[in-house]
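A.B. asks: only geometry, no sequence info:
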Ligand SMILES: NC(=O)c1ccc[n+]([C@@H]2O[C@H](COP(=O)([O-])OP(=O)(O)OC[C@H]3O[C@@H](n4cnc5c(N)ncnc54)[C@H](OP(=O)(O)O)[C@@H]3O)[C@@H](O)[C@H]2O)c1
């Protein structure tokens, strides 16, 4: 477990604390910055991006908020427990959990393996499940909390070459809705469902054109589109169990 960034907290804080998993890069990074701008101190989780996480922590500090960096493989229950314990030690409370960490790998149906299933379901469903189990009692004890999961339009509109990924995100949708019921009224549990936000480096120009052609708004999303919606859900105490599409209309088909 990494140590808190210099200048970061050592005692109970009156400022709300948000933990963002997979927060060092890409979409998670935008969520960290948006929640910091919204007045949260931030626990930035990463698995293998310590440099990016520390750079981001410095940006949060420059915004006038506190930040600390934590490492964990979220598919391992003991590491998840240690992560939340370390956040307790650093900040003394937890108000917001954003489950953003995930994996996404092309898995053609002809070559599907047990490992493909475990890889996607482990990171995209078991990991947020374990994080929710850790966060819930802390939030219940405080009488209030917000959990936001990041799903995908693929949870309801399958991609034929990504079966385990789609299954994992569909499970995350039901985790969101069932926990919203189980953890009410103290804790709200919602999800943001992005369409394509960032292209992978290996996606061809032709593939990119095909993706954009299917989006009514004519563009893919940005990490900031997702981050603003996470903030909306964090700031909306009477919204729970909602899966909010942020996809330029892609899921209307
Ligand atoms: N990008 C898109 O177009 C898109 C579209 C739809 C939905 N989404 C969803 O939006 C969220 C963010 O997307 P993204 O593209 O920014 O995500 P990403 O880059 O694919 O992954 C985010 C982070 O997850 C962390 N991670 C993966 N496996 C982990 C594990 N076992 N334990 C701990 N951390 C792990 C990695 O952290 P380290 O780098 O530190 O290893 C990674 O940087 C994800 O939930 C994704 O499924 C994205």
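C.D. replies: Yes, it's here. Because the structure is predicted, anything quoted here is derived from the model rather than measured.
A.B. asks: element containing residue 84, please.
C.D. replies: Applying DSSP states H and E as the criterion places residue 84 in helix 77-91.
A.B. asks: next structured bit after that helix?
C.D. replies: Counting by DSSP H and E, what follows helix 77-91 is strand 96-99.
A.B. asks: buried ones in the helix or strand following that following strand?
C.D. replies: Using DSSP H and E, the next helix or strand after strand 96-99 towards the C-terminus is helix 114-121. Residues of helix 114-121 classed as buried: 116, 119-121 (neighbour count, 16 or more other CB atoms under 10 Å). C-beta here means a position set from N, CA and C on the backbone, and glycine is covered the same way.
A.B. asks: The next helix-or-strand element following helix 114-121 vs helix 114-121, what angle?
C.D. replies: Downstream of helix 114-121, the first helix or strand assigned by DSSP H and E is helix 127-142. Using axes from the mean of the first three to the mean of the last three CA atoms, to 10 degrees, the inter-axis angle of helix 127-142 relative to helix 114-121 is 30 degrees.
A.B. asks: pLDDT on helix 127-142, on average?
C.D. replies: Per-residue pLDDT over helix 127-142 has a mean of 98.
A.B. asks: Quick check: next helix or strand after it?
C.D. replies: Going down the chain from helix 127-142, the next helix or strand is strand 145-150, by DSSP H and E.
A.B. asks: quick revisit: hey, what's the angle from the helix holding residue 84 to helix 127-142? Just curious.
C.D. replies: 40 degrees.
A.B. asks: Check which helices and strands helix 77-91 sits against.
C.D. replies: When contacts are defined as 3 or more CB pairs under 8 Å, 6 or more residues apart in numbering; DSSP states H and E, helix 77-91 packs onto strand 17-20, strand 41-46, strand 67-71, helix 127-142.
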